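Peer 1: the sequence isn't on hand, but the structure is:
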């Protein structure tokens, strides 16, 4: 090994993750945006709870960009003259709680069932796959409507319904990946060295499947936010005066021709949240993959 | 040295049942491995040697693979009748395997030190720091320079030979009594091949471990093995001490194999490749399986399965013309 290579190796071992993050502009911006969202999630309702529900009829459908009604009205006012900015901040808690919990449970349950279906196989695998077929052949919105009419539309029920309707995607992807990974030689090698089934699933299969699932999770995140908004629109999701971004989009749709900002800003919030999640998860995937990490570690040269 | 054999394979038959055909990958293989010896299984691709190894480790996926008959006894215990979870307790501790391609046999997402340490953890032998230190000791033992820092590297940061050393380190970690090496040097170039074989051989002698070396490389067999079993179309066609078998073959196939090896030094005689290709294992020819490619083949060979002939004491060949091959070959 030449000295240059050795040096590169030393740099590689010593570069901490935050310095890698600082070097990647997009990933850094995404991380900052998500941090801001998380701050809104933690503090928003306490700081802006009152402003989000205060009516100011003189500021009805106030266009964005003016501060004559105070800086809270910078993003405009909604149909009842409430501050858009305050509402966006306050809505982040409900939105993120529902979307994150739902995708998280969908991923855990789907991933778990998918691993059983792929690794244990045969009988129980068939049962699980037919269960996924049933879930997928049933229109998810219809399922949600039925369940939420029977049960009451609370946040918990909403999360459960959304998680169940998204579950088959995780299940199928996990199963397909497991079927491929279990045939790899390192799984045979683990078997030959006396690894138990549980050990192989935990140590050899899960770490290889996990990045794929995390990538789907970030995409699913936005799908769930929109699904939640359509349920709210049908009157069986989150009910006013509670707010979510999806509900704000649904409410703003009525005013699209007169006041585009009512639907635009919450839509933008959903889009940015998804985009940041996507960029950051992509970055995380590269950092956590030992064979890809060097791409980020490569020292910058001047002519790049 | 020669007490009870550590491994006895008797009349092992393995079938792969696909939709239409049944492929007879192994058709009655018998051999024994004494403790402390190196036994080689020699054969070309598709002769059933790797399937036999997988069957011993019980790695065959069933379906499509089925053990249709015969028995495998490890230290007197019939392993095919053991529940798989009990057999897994033997694996690693008493019997271990080195695979052909170390790149794919190591998990790409963990550092090699971690993977070796995990072996100790999974078997409940050592934990935490202790396991890490043992991993580093092992890496040193298999000749990896600067083991403490290399342990933090990932599989793709190692060269082919170094990877195979890591794989060997994992296989010998728990001090098994029998090591199965399935073509351990096939993916490596010749100088590295020699180093790896030397390493395996010295590790074997240090711990008096038995080794089954599966290969298609005649020179490797001649170098390290004590006994050899030559396989063709899922049968052991010739068995005996290495020097005798390769020095004076008694089976037409072994002879043909020796004739088709190029010589490295100078220009040798013209190579005589074995014409044709190995038989379709779903349709093995009648009589001796080698008859369509054999220059000694007679009508007898085309119609009747050859008997097992004891050529000299401790040496058998499955050939109608064993005497003739042995004497004029």
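Peer 2: Received the coordinates, thanks. In this text, all values refer to a predicted model and were calculated from it rather than measured experimentally.
Peer 1: for chain B, what are the low-confidence residue spans?
Peer 2: For chain B, the stretches flagged by pLDDT under 70 are B:1-3, B:263-269, B:329.
Peer 1: regarding it, what is its longest helix?
Peer 2: For chain B, the helix with the greatest residue count under DSSP state H is helix B:190-207.
Peer 1: what sits up against it?
Peer 2: B:38, B:98, B:141-143, B:160-161, B:164-165, B:168, B:172, B:175, B:179, B:181, B:184-185, B:188, B:209-211, B:213, B:220, B:223-224 (Cβ atoms under 8 Å, 6 or more residues apart in numbering or on different chains). For the C-beta atoms, the positions are set from N, CA and C on the backbone; glycine is no exception.
Peer 1: what about these, which are in helices?
Peer 2: Residues of the contacts of helix B:190-207 located in helices (DSSP H): B:141, B:160-161, B:164-165, B:168, B:172, B:220, B:223-224.
Peer 1: so which of the residues you listed wins on neighbours?
Peer 2: Among those, residue B:164 has the most neighbours (other Cβ atoms under 10 Å in any protein chain shown), with 31 neighbours.
Peer 1: quick one on the thing from earlier: let me have the ones in helices among the contacts of helix B:190-207 in TSV, extended by distance to chain A.
Peer 2: Formatted as TSV, these follow (distance: Cβ to the nearest Cβ, whole Å):
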residue	distance to chain A
B:141	17
B:160	15
B:161	14
B:164	12
B:165	15
B:168	12
B:172	10
B:220	21
B:223	25
B:224	21
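Peer 1: between these, which sits nearest residue B:123?
Peer 2: For the ones in helices among the contacts of helix B:190-207, the minimum distance to residue B:123 (Cβ to Cβ) is 13.6 Å, reached by residue B:172.
Peer 1: list the contacts of the closest one.
Peer 2: Contacts of residue B:172 were listed using Cβ under 8 Å, 6+ apart, and they are B:96, B:138, B:142, B:179, B:203, B:207, B:209.
Peer 1: can you list contacts of stretch B:212-224?
Peer 2: B:7, B:33, B:38-45, B:49-50, B:52-53, B:56, B:178-186, B:193, B:197, B:200-201, B:225, B:228, B:242, B:246, B:257-258, B:261.
Peer 1: ok, stretch A:84-95 next?
Peer 2: Contact with stretch A:84-95 is made by A:37, A:40-41, A:44-45, A:47-49, A:51-52, A:64, A:72-78, A:155, A:225, A:228, A:238, A:242-248, A:261-262, A:265-266, A:269-270, as judged by Cβ under 8 Å, 6+ apart.
Peer 1: grab the nearest non-local neighbour of the closest residue to chain A within the stretch 151-300 of chain B.
Peer 2: Nearest residue of the stretch 151-300 of chain B to chain A, counting by Cβ to the nearest Cβ: residue B:154, 3.9 Å away. Nearest residue to residue B:154 in three dimensions, chain neighbours excluded: residue A:290, at 3.9 Å (Cβ to Cβ, 6 or more residues apart in numbering or on different chains).
Peer 1: per-domain residue ranges of chain B.
Peer 2: Segmentation of chain B into domains, based on automatic domain parsing, reads B:7-94+B:176-328, B:99-175.
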